[in-house]
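> structure for the following, please:
(one chain, ligands or ions: 1)
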Amino acid sequence: MKRLAEEELGLSFRFDAMLNPRCDCSQSPLAVRLSPEEVVALDLMDPERINALREFAGRFSQTRTIGHQSDGLYVCGGGAYSFAVDPYGSLRMCVLSPEEGFDLRRGSFQGGWDQFLSRERDRKIDRKSKCVRCALRLLCGMCPANGALECGDPQQPVDFLCRVAHLRAHALGWDVAPHGECEYCKVAHLR
Ligand code: SF4
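Numbering: from 1, shown residues only. From the prediction side, this is the model:
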């Protein structure tokens with residue numbers, strides 16, 4: 001596909017190896033998901049990708065040092081700067097979120113934005129998972145929607161994302177400060 005795009009069609013090519021469960025929480029897509037080691041091996045074969053990862057990480061160097069310290073469940077722009085409407089007319093935090101939405105057939109967008117999304121946005125974490133102080137948080141893709149989709153719990157770290165993030169950090173030589181009980185912080189487990 002890369003050769004087709006770049007050499008035959010003269011287009012730029014980009015891929016994303018991070019497959020999610022389906023929006024209805026079916027885990028069936030995961031049957032064809034690459035392993036974390038395969039994902040990182042693909043990264044390492046592509047110098048442009050590695051540069052992009054380094055550049056992205058550089059923008060969050062402050063966060064990498066201190067980790068995430070807010071007690072808000074959401075640290076993204078969902079419900080603050082963006083929203084999604086699914087094919088059934090439900091207003092949601094984002095396209096991935098499988099949690100209950102606001103039915104726009106029964107209420108106005110303004111009502112959904114002001115009441116439903118604002119309430120969702122204000123949700124707090126109620127337990128200290130290993131993600132709370134993890135410096136890789138903004139890089140790994142773990143978020144309430146991914147936790148709910150794959151683990152049925154917005155606060156539950158997604159093992160696949162966690163392993164990929166730590167493997168990438170290790171491959172790129174980033175130090176990851178201790179952030180609680182994290183099996184992937186032990187380098188021996190990544191070999
Ligand atoms: S899933 Fe793992 S890498 Fe991602 S934020 Fe949580 S602890 Fe960090």
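
> all strands of the chain, in order?
Secondary structure of the chain (DSSP state E): strands at 84-85, 90-92, 102-103.

> adding mean neighbour count and mean pLDDT, write the ones you listed out as a markdown table.
To be clear about C-beta, it is placed using only N, CA and C from the backbone, and glycine gets the same treatment. Putting the strands of the chain into a markdown table (neighbours: other CB atoms under 10 Å; pLDDT from 0 to 100) gives the following:
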| stretch | mean neighbour count | mean pLDDT |
| --- | --- | --- |
| strand 84-85 | 16 | 96 |
| strand 90-92 | 21 | 96 |
| strand 102-103 | 18 | 97 |
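
> turn these into CSV, columns for distance to C143.
Listed next are the strands of the chain as CSV, based on distance: least, CB to CB, whole Å:
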stretch, distance to C143
strand 84-85, 14
strand 90-92, 13
strand 102-103, 19
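
> can I get these in JSON lines including distance to the ligand?
Shown next, in JSON lines, are the strands of the chain (distance: least, CB to the nearest ligand atom, whole Å):
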{"stretch": "strand 84-85", "distance to the ligand": "22"}
{"stretch": "strand 90-92", "distance to the ligand": "22"}
{"stretch": "strand 102-103", "distance to the ligand": "28"}
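
> if we ignore the residues flanking it in sequence, what's nearest the residue most central in space within the chain?
Nearest residue to the geometric centre of the chain (CA atoms, centre = their mean): G141, 1.9 Å. Nearest residue to G141 in three dimensions, chain neighbours excluded: L161, at 5.0 Å (CB to CB, 6 or more residues apart in numbering).

> again with V176
With sequence-adjacent residues excluded and distances taken as CB to CB, 6+ apart, V176 is closest to A169, at 5.2 Å.

> thought that neighbour was touching C182?
No - applying CB atoms under 8 Å, one finds A169 not in contact with C182, separated by 11.4 Å.

> more neighbours, the two?
Set A169 next to C182 and count neighbours by other CB atoms under 10 Å: A169 wins out with 23 against 19.

> residues touching the residue lying closest to D153 once chain neighbours are set aside, list them.
In space, D153 comes closest to G147 once its chain neighbours are excluded; the distance is 5.7 Å by CB to CB, 6+ apart. Residues in contact with G147, defined by CB atoms under 8 Å, 6 or more residues apart in numbering, are D153, P154, Q155, Q156, P157, V158.
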